[in-house]
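Asker: Here's a sequence, model it:
(3 chains)
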Amino acid sequence: MERRKLHAQGPEFSRIIAGAWRWNLSEASVHHLIGTSLEQGITTFDHADIYGDHGNEAIFGNVLRGSSSLRGKMEIVTKCGIKFPSAHRPSSWVKHYDTSREHIVWSAENSLKTLSTDRIDLLLIHRPDPLLNPEEVAEAFTSLKRSGKVLYFGVSNFTPTQFEMLQSYLSFPLVTNQIEVSLTHHAPLFDGSLDILMKHRVAPMAWSPLGGGKLMESQSSVFAKASQYKATETQMALAWLLKHPSGMFPVIGTTKSERIVESAQAIHINLDKQDWFEMLKIVQGKEMP
Amino acid sequence: MERRKLHAQGPEFSRIIAGAWRWNLSEASVHHLIGTSLEQGITTFDHADIYGDHGNEAIFGNVLRGSSSLRGKMEIVTKCGIKFPSAHRPSSWVKHYDTSREHIVWSAENSLKTLSTDRIDLLLIHRPDPLLNPEEVAEAFTSLKRSGKVLYFGVSNFTPTQFEMLQSYLSFPLVTNQIEVSLTHHAPLFDGSLDILMKHRVAPMAWSPLGGGKLMESQSSVFAKASQYKATETQMALAWLLKHPSGMFPVIGTTKSERIVESAQAIHINLDKQDWFEMLKIVQGKEMP
Amino acid sequence: MERRKLHAQGPEFSRIIAGAWRWNLSEASVHHLIGTSLEQGITTFDHADIYGDHGNEAIFGNVLRGSSSLRGKMEIVTKCGIKFPSAHRPSSWVKHYDTSREHIVWSAENSLKTLSTDRIDLLLIHRPDPLLNPEEVAEAFTSLKRSGKVLYFGVSNFTPTQFEMLQSYLSFPLVTNQIEVSLTHHAPLFDGSLDILMKHRVAPMAWSPLGGGKLMESQSSVFAKASQYKATETQMALAWLLKHPSGMFPVIGTTKSERIVESAQAIHINLDKQDWFEMLKIVQGKEMP
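Answerer: Numbers count the residues shown, from 1 in each chain, chains lettered A, B, ... in the order given. Okay, the predicted model is just below:
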């Protein structure tokens, strides 16, 4: 598995990242998924405080606690800033965002506990908060960085102006923006989202890299060349993202070991430029101008 | 009343600003509105050369001439750059913009005369002019600054790229962009308009902060919590803007003394974060993603 | 004919540029069009590798080879990066872009041969390539610059973020962005496309400056003042662009000598500001806000 830095002053991650979004499973199942991922060279795991209604970090953490050698073999990403009504968060009565200094620090420290670890490799602001006070975020990040509790910081779902605004308040670089991008959701290739990251020499993380499987159902001709590459449709969809010069890190969301193995192999596919544009033409319904 | 600088190198204004847009009233009435504003700590008054078909500055100026102590207690904002057909401007036969060096200087000097003052605290380009020549604007601003006729400069209704383009030609900072923002017109919270100002450490002025009263008529549920805050709907709408981390200065447009008093009290309301998001959810018709 | 630099460190071009897009004509005809252009002071010629299905550069080059004094009297712009299925490019089976280092260098060298010249004054990336690797483009440009084969570099049809992204990888300035702009296609005056170039002190080149002639057919009232200026509709359309403070260089696309003469004279028309806004009002269908 290829490994690469998100930014010159950022962490080195496996190019394919395992997302724990849907890993509200038994500890045995999660242990098995972690093992399969590591065997494939997928060493980076993507969490959020809220995944599995605030439960997935704890399941993952219990696995780490029971198997002390695991933590040293992996990098952990988690997120903070979204609050929604839940039995586990009774104080929230409307979905909202909280990027106050207090909440970021509390959330990171809470993630450390639930994940049974002494450090988070990368902490992301989960969504652009219209009430985001950049000075408070900078204070929270700086405090967490100094204490060694969080090593690197980034954002998720930020627009270009939101990214540059927050960056302007920080004395160290945001090392990623985790955004939705796939053959189904290809707007970021044209709307500036990827340009701005390339301008800042920051690699994107790509969530929902298979587009929720919608393509497989409705536009399977996009994968017509799969057999020539001896690849599956999933591998073709990932290879299409991996070809982009921004150096995207796809975050796969599967709960099946065999799909992790399948996805990891996408790293070896180098799509021909014309095949890449043919796939884009099919999903856009028109050729390039 | 809270006072705050628009920019570290900018003027200090009252957080709520009195707009003279509709003050085409008798001198006695305007004198009364000024008095009420000052009593409430509202010391900043927002004009434009064209308000009241080029008449409001003169009415205000007549009040200042008749009451010599007033000028020292206030800050005056005015604008230039719009020309439209009017009996008072017979040379215009189509609505257009003029941001030539000559017109900016002439308009500022004309405002000084009509306002009966020796200085304008803040001069804004009223609208983004597609024929704006940034070198000419820079020359006009520099000349007016050196002569002490205008102390600070800004823009109004500019997009982020227009703001950064003009700023790049100036040796001193634009200290504001006066834009439309309200519960009715909430796009600026998401489209980069406020981000870019926060990036430049510049506070916005917010025109039509009540959204023209449309909300009060059609979506009054947005103010459901007003009684809990012991607040009126107007105060809730202003408090919603004041909560934004960009540090907006709402420009109220009323012609009634009692509404000035009412608006000024909004400064004391600190909306709970969840109430703020609930109001946003109602005006957007959906919760945050 | 006015001459002007595209950028302080860029080439000096004639303000009106002759486009060779449709010059798939006999060598005699092209020779005549070149002669007429030069007589009018139009010394800059705009090509692309693909114009005339990859044939127009060669026709132009044959004229230069047969008339050795011509090259020294002109500046040549050409473009690279688009590939499409053609009998002349049998390896392309889908329209796509190629901005790899190898292709840019190969294409520039191929243009030198077909144009029968030892230097290209300005080379443009024809379209924003979603697979554009800015480091490769920077290597290709640097190599071509060092060898003296290409003197200056720019882009075409780039968005503001694409322009700033690529610029950030170069040690010398992009000297233009050639974009579509006309009375018919006036969005660039408002969407940031021209602002960003003015911010970078870069002059745009304007392709299809007459909007494909659509206006002349459907909205001829936009040219109501033509007779007052003793101008033709074509001249009015060009004068409208020339008035813009970005300092646009219109690229005219005609194949008729008399139209070259007609267009060149547009340089002497200075539209009144109100006439300019009246024309904008007509094509927008509304006056400015």
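Asker: so what's the residue of the stretch 151-289 of chain A found nearest chain B up against?
Answerer: Nearest residue of the stretch 151-289 of chain A to chain B (CB to the nearest CB) works out as residue A:161 at 3.6 Å. Any C-beta I mention is one placed from the backbone N, CA and C, and that applies to glycine too. Residues in contact with residue A:161 (CB atoms under 8 Å, 6 or more residues apart in numbering or on different chains) are B:160, B:192, B:195-196, B:199.
Asker: One more pass at 10 Å, please.
Answerer: With contact taken as CB atoms under 10 Å, 6 or more residues apart in numbering or on different chains, residue A:161 is in contact with A:128, A:192, A:196, B:160, B:190-196, B:198-199.
Asker: List the residue ranges of the stretch 101-250 of chain A that fall below the pLDDT cut-off.
Answerer: Across the stretch 101-250 of chain A, the ranges flagged by pLDDT under 70 are A:213, A:215-217.
Asker: can you do 90?
Answerer: Scanning the stretch 101-250 of chain A for pLDDT under 90 picks out the ranges A:212-220.
Asker: how about the strands of it, start to end?
Answerer: Using DSSP state E, counting those that start in this stretch, the strands of the stretch 101-250 of chain A run over A:120-125, A:150-156, A:177-180, A:205-207, A:249-252.
Asker: Any residue of the fourth one touching chain C?
Answerer: Put plainly, it is strand A:205-207. No - Strand A:205-207 is not in contact with chain C by CB under 10 Å from any CB of the partner chain; minimum separation 14.2 Å.
Asker: So what are the sheet partners of that strand and their directions?
Answerer: strand A:177-180 (parallel), strand A:249-252 (parallel) (DSSP bridges).
Asker: quick one, which of those strands is packed in tightest?
Answerer: Among those, strand A:249-252 has the highest mean neighbour count (mean count of other CB atoms under 10 Å in any protein chain shown), at a mean of 24.
Asker: after it, next one along is what?
Answerer: Beyond strand A:249-252 on the C-terminal side, the first helix or strand identified by DSSP states H and E is helix A:257-264.
Asker: Name the residues of that next one that come out as buried.
Answerer: Residues A:257, A:259-260, A:262-264 are the ones in helix A:257-264 that count as buried (16 or more other CB atoms under 10 Å in any protein chain shown).
Asker: which one of the residues you listed sits closest to chain C?
Answerer: Nearest to chain C, judged by CB to the nearest CB, of those is residue A:263 at 21.9 Å.
Asker: Now for the closest residue to residue A:26 other than its chain neighbours: which residues touch it?
Answerer: Computed as CB to CB, 6 or more residues apart in numbering or on different chains, the closest residue to residue A:26 that is not its neighbour in sequence is residue A:59, at 7.9 Å. Counting by CB under 10 Å, 6+ apart, residue A:59 touches A:20, A:23-27, A:29-31, A:51-52, A:114-115.
Asker: for residue A:203, same thing?
Answerer: Neighbouring residues of residue A:203 by CB under 10 Å, 6+ apart: A:4-7, A:10, A:13, A:15, A:154, A:175-177, A:194, A:197, A:246-249.
Asker: List buried members of these by neighbour count.
Answerer: Restricting the contacts of residue A:203 to buried positions leaves A:6-7, A:10, A:13, A:15, A:154, A:175-177, A:194, A:197, A:246-249, with burial counted as 16+ other CB under 10 Å.
Asker: Show me where chain A has its helices.
Answerer: Secondary structure of chain A (DSSP state H): helices at A:27-39, A:51-54, A:56-66, A:101-114, A:134-146, A:160-167, A:193-199, A:214-218, A:233-242, A:257-264, A:273-284.
Asker: Columns distance to residue A:47 on top of the strands paired with strand A:205-207, output as a markdown table?
Answerer: Below are these laid out as a markdown table (distance: least, CB to CB, whole Å):
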| stretch | distance to residue A:47 |
| --- | --- |
| strand A:177-180 | 12 |
| strand A:249-252 | 11 |
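Asker: returning to what we had before: now the contacts of residue A:161 in a markdown table, with distance to residue A:276?
Answerer: Formatted as a markdown table, the contacts of residue A:161 follow (distance: CB to CB, whole Å):
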| residue | distance to residue A:276 |
| --- | --- |
| A:128 | 30 |
| A:192 | 21 |
| A:196 | 22 |
| B:160 | 32 |
| B:190 | 32 |
| B:191 | 31 |
| B:192 | 30 |
| B:193 | 36 |
| B:194 | 37 |
| B:195 | 33 |
| B:196 | 34 |
| B:198 | 38 |
| B:199 | 35 |
